[in-house]
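1. Turn this into a model:
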Amino acid sequence: MDMLVLLSARGNIDFGQMPDRPPFGCPPDRWVRVSNMDEASAKCRAFIEKNDLGGGNWYGGEVVSLQGNKVARIAYNGSIIK
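-> Numbering: from 1, shown residues only. Model prediction:
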């Protein structure tokens, strides 16, 4: 079942970053198509690691069906929350 997962980050105010936008050097929000929840988790963790994000920066992880219905959420550590 194809789904979309949100890859997104926000600045962490504890580190003087702007909480309404991605940290410097981090790409803008984007939805990525995935085939299953394991792939969604892997894409999120890869995004987090590539952009050197901390837990206070992770803003993405929402997983929705192609029709826009919420399916789950991917936590910072990659766990799947249904």
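
2. can you map out the helices along the protein?
-> When assigned using DSSP state H, the helices of the chain occupy the ranges 37-50.

3. Can you tell me the closest non-neighbouring residue to the residue most central in space within the chain?
-> What sits nearest the mean C-alpha location of the chain, by Cα atoms, centre = their mean, is residue 60, with 2.7 Å. Excluding the flanking residues, the one nearest residue 60 by Cβ to Cβ, 6 or more residues apart in numbering is residue 8, at 3.6 Å. Placement of C-beta: from N, CA and C, glycine included.

4. gap between the one you found and residue 21?
-> According to Cβ to Cβ, to the nearest Å, residue 8 and residue 21 sit 11 Å apart.

5. Tell me which of those two has more neighbours.
-> Neighbours per residue (other Cβ atoms under 10 Å) separate residue 8 from residue 21, with residue 8 holding more: 21 against 13.

6. That one reaches residue 51, doesn't it?
-> No: in this structure, residue 8 is not within contact of residue 51 by Cβ atoms under 8 Å, at 10.4 Å.

7. Count residues in the vicinity of residue 47, would you?
-> Applying other Cβ under 10 Å, we find 23 residues neighbouring residue 47.

8. From residue 26, how far off is it?
-> For residue 47 relative to residue 26 (Cβ to Cβ), the value is 9 Å.
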